[in-house]
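S.K.: here is my input, please return the structure:
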Amino acid sequence: MYSKELTEKIKKHYTKYYKDECCLADYDSRVKNKIANEEAVELMKMNNLQHILGLNFNGQKHFIFGAGTGGLAIALNKNFNCDVYGIEPDECGFEIIQNKCEEAGIDKNNFKMEYGEKLSFESEKFDFIHCYTVLEHVQNIEKCIDEMVRLIKPGGKIYINTPNYSFPYDGHYKIFLPTFLPKIFGYLYLIILRKSYKFLKTINYVTEKELNKILVRKNNITWLRVYKPKNESSNNLAGLLCNWLIFKNFIYNAQEIIIIKNNNIQE
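M.R.: Numbering: from 1, shown residues only. Take a look at the predicted model:
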């Protein structure tokens, strides 16, 4: 799909992430899958999201808060004719987005290498904002949410997907992680497992309770959470623990939040 040079950049980027940072044994297959299927996976997610929200993304202006390596941007532009914009603070990821835009015929100036706490984009310009697995990495969650609300049009929607660290699992390392303890215990745990703890330093243990406290302070939005049923059963210890946390204690491993910016209508 992309040039050989760009494909090598993508391979190098995800090898560093999956192998060096997350220390995954199956990093090679994950890298190959990312190269081959990133845009297709994002398209599937967007079709599901449209269905859940009862929306049609065609022709809309979308903003991607943490655009990664641009797979979502390409999927939105090519399949829904969306005018796509976004930010990506990681230098390597941003370079890949710029290259993808050039090869796909998208204006690369729509994407900027910025942090989410203070954005240079104009207010109330976007129909929809995507924030997928980003808030657990930012310095100030509330400022990032405020910036997203600023950018969205009245009546527009923001989709947030982030881990719930009340659930003792990390989706980056793909392992049980004692997130209910101070982070120093997470570092020690990873050292015992002979994994690098450097990437854990970039992660905030953001919980459902913490996000709720931030969102209820906002008087210009309406928000709701999406909970998806877990139908699979398991006889192993990890599966039993997962089911116990979800079904008995209502602690899900992921948070999906829809924010709607209120119209300023005087009654």
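S.K.: low-confidence ranges in the stretch 101-250 of the chain?
M.R.: By pLDDT under 70, the low-scoring segments of the stretch 101-250 of the chain are 230-239.
S.K.: now do the strands in the stretch 51-200 of the chain.
M.R.: 61-65, 83-87, 111-112, 126-132, 152-163, 169-170, 175-176 (DSSP state E, counting those that start in this stretch).
S.K.: nearest to residue 257 among those would be which one?
M.R.: strand 152-163 (4.3 Å; C-beta to C-beta). Yep, even glycine has a C-beta here, placed from its N, CA and C like the rest.
S.K.: tell me how far that closest one lies from the chain's centre.
M.R.: On the basis of C-alpha atoms, centre = their mean, to the nearest Å, strand 152-163 sits 12 Å off its chain's mean C-alpha point.
S.K.: equivalent analysis for stretch 118-137, please.
M.R.: Relative to the chain's own centre, stretch 118-137 is displaced by 11 Å; criterion: C-alpha atoms, centre = their mean.
S.K.: list the buried residues of it.
M.R.: Neighbour-count burial for stretch 118-137 flags 119, 121, 126-132, 134-137 (criterion: 16 or more other C-beta atoms under 10 Å).
S.K.: could you do stretch 189-206 as well?
M.R.: Under the neighbour-count criterion of 16+ other C-beta under 10 Å, stretch 189-206 has 189, 190, 195, 197, 199, 200, 203, 204, 205, 206 buried.
S.K.: please apply the same query to stretch 215-226.
M.R.: Neighbour counts using 16+ other C-beta under 10 Å place 215, 218, 221, 223, 226 of stretch 215-226 among the buried residues.
S.K.: can you give me the end-to-end span of it?
M.R.: Terminal residues of stretch 215-226 lie 15 Å apart, using C-alpha to C-alpha, to the nearest Å.
S.K.: what of stretch 228-243?
M.R.: End to end - C-alpha to C-alpha - stretch 228-243 spans 13 Å.
S.K.: before we move on, back to that, return the member of the buried residues of stretch 215-226 nearest to residue 81.
M.R.: Distances from residue 81 to the buried residues of stretch 215-226, taken by C-beta to C-beta, are shortest for residue 226, at 25.7 Å.
S.K.: do you know how far the nearest residue to that closest one once chain neighbours are set aside is from residue 159?
M.R.: Using C-beta to C-beta, 6 or more residues apart in numbering and skipping residues adjacent in sequence, the residue nearest residue 226 is residue 256, 4.0 Å away. For residue 256, the distance to residue 159 (C-beta to C-beta, to the nearest Å) stands at 8 Å.
S.K.: hang on, the earlier thing: for the residue nearest to residue 226, what are phi and psi?
M.R.: phi -120, psi 120 (degrees, to the nearest 10).
S.K.: could we number from 28 for the rest of this?
M.R.: Right, with 28 as the first residue, what we last looked at is residue 283.
S.K.: tell me the contacts of it?
M.R.: Residue 283 sits next to 186, 187, 188, 252, 253, 254, 255 when contact means C-beta atoms under 8 Å, 6 or more residues apart in numbering.
S.K.: please repeat the previous calculation with a cut-off of 7 Å.
M.R.: 188, 252, 253 (C-beta atoms under 7 Å, 6 or more residues apart in numbering).
S.K.: same thing with residue 84?
M.R.: So residue 84 contacts 73, 77, 103, 107, 109, 155 (C-beta under 7 Å, 6+ apart).
S.K.: so which of the residues you listed is the most crowded?
M.R.: residue 103 (25 neighbours; other C-beta atoms under 10 Å).
S.K.: residue 88 is in contact with that one, correct?
M.R.: No: counting by C-beta atoms under 7 Å, residue 103 sits too far from residue 88 to count as a contact (10.1 Å).
S.K.: number of residues surrounding residue 71?
M.R.: Number of residues near residue 71 (other C-beta under 10 Å) recorded here: 12.
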